[in-house]
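In: Fold the stuff below for me.
(2 chains)
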Amino acid sequence: MQIFNDYKDHADFLTVYVREAHPTDEWQMKSNVKEDVCYAQPKTLEQRLAIANDFTKRYSFPIPFGIDDMSNTVNDLYAAWPERLYILDESGRIAYRGGMGPFNYSPKEVRAWLAAKYGEVKHPEAKPEEKPLDKAGQTSGSTVEKPQSTNTPK
Amino acid sequence: MWIGITVGALIVIGFGVLSTMAGSPKDAFLMVRYAFPHMRSGNLKVGDFAPDARLVALNGSDHFRVRDRVAGKPLVLIFGSFT
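Out: Next up, the predicted model:
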């Protein structure tokens, strides 16, 4: 969310809701019970819409939102499940492809890509622990194209 | 016989590693049952044109395409779910 606030003037953001990762009828996590995030795996688009709307309302989620169809078309195209980050450049090519979540899901890498292109946005509470891109523009668990200096969250 | 013992030991070790990763043996079983079948590394690479597809808007009646959102700026795509 902080990345969105920091770079929304430079980049567009789109959240894509894909099939649930830890629904009650599959692999439910204790943390979800604790946080009262308990949903069965949607069987219909209406059920997906209901969960997506619950999410955006609960967190007053400001980032534009799209929902995958029940054939999981976008999920399959992007190998997105359970969570993954991409950056597309201005021409529609993939400039950054994050690793598969949760272990290789790294908003820090997205921030690093955006910071390299548009400049770093510092916050007093921010910890300087982000992994910098190496010379080849690579970070662990992901592939990234180092941005050209021209004029962009979970 | 040694082959069987070795294979068995590898299975036990593998399940132990999964249990550690997942949090418990039950979680490891559920991971294998429900998560592994949906995990894909995919074959998209940096530099590829991003695949296009239709998405449903939150209101349930409007639709748009991923490419529609590429409009002169980089587009950060955030895939995920609530749970």
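In: Which stretches in chain B count as strands?
Out: Using DSSP state E, the strands found in chain B span residues B:54-56, B:63-65, B:75-80.
In: Identify the residues contacting the closest residue to B:Asn43 other than its chain neighbours.
Out: Closest residue to B:Asn43 apart from its sequence neighbours, by CB to CB, 6 or more residues apart in numbering or on different chains: A:Ala79 at 7.9 Å. (Each C-beta comes from the backbone N, C-alpha and C, glycine too.) The contact partners of A:Ala79, taken as CB atoms under 8 Å, 6 or more residues apart in numbering or on different chains, are A:Met100, B:Arg40, B:Ser41, B:Gly42, B:Asn43, B:Leu44.
In: got the residue ranges for the helices in chain B?
Out: Along chain B, the stretches classed as helices by DSSP state H are B:2-22, B:25-30.
In: Reformat those as a markdown table; add mean neighbour count.
Out: Shown next, in a markdown table, are the helices of chain B (neighbours: other CB atoms under 10 Å in any protein chain shown):
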| stretch | mean neighbour count |
| --- | --- |
| helix B:2-22 | 11 |
| helix B:25-30 | 16 |
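In: and those as CSV, adding mean pLDDT and distance to chain A?
Out: Shown next, in CSV, are these (pLDDT from 0 to 100; distance: least, CB to the nearest CB, whole Å):
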stretch, mean pLDDT, distance to chain A
helix B:2-22, 85, 8
helix B:25-30, 87, 4
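In: could those go into TSV alongside distance to A:His10?
Out: Shown next, in TSV, are the helices of chain B (distance: least, CB to CB, whole Å):
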stretch	distance to A:His10
helix B:2-22	36
helix B:25-30	40
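In: out of those helices, which comes closest to A:Met70?
Out: helix B:25-30 (22.8 Å; CB to CB).
In: Tell me the helices and strands packed up against that closest one.
Out: helix B:2-22 (3 or more CB pairs under 8 Å, 6 or more residues apart in numbering or on different chains; DSSP states H and E).
In: buried sites along stretch A:109-127?
Out: By 16 or more other CB atoms under 10 Å in any protein chain shown, the buried positions in stretch A:109-127 come out as A:Glu109, A:Val110, A:Arg111, A:Ala112, A:Trp113, A:Leu114, A:Ala115, A:Ala116, A:Lys117, A:Tyr118.
In: same question, stretch A:44-62
Out: For stretch A:44-62, burial by neighbour count (16+ other CB under 10 Å) applies to A:Arg48, A:Leu49, A:Ile51, A:Ala52, A:Asn53, A:Phe55, A:Thr56, A:Phe61.
In: from these, which ones fall inside strands?
Out: Among the buried residues of stretch A:44-62, no member falls in strands (DSSP E).
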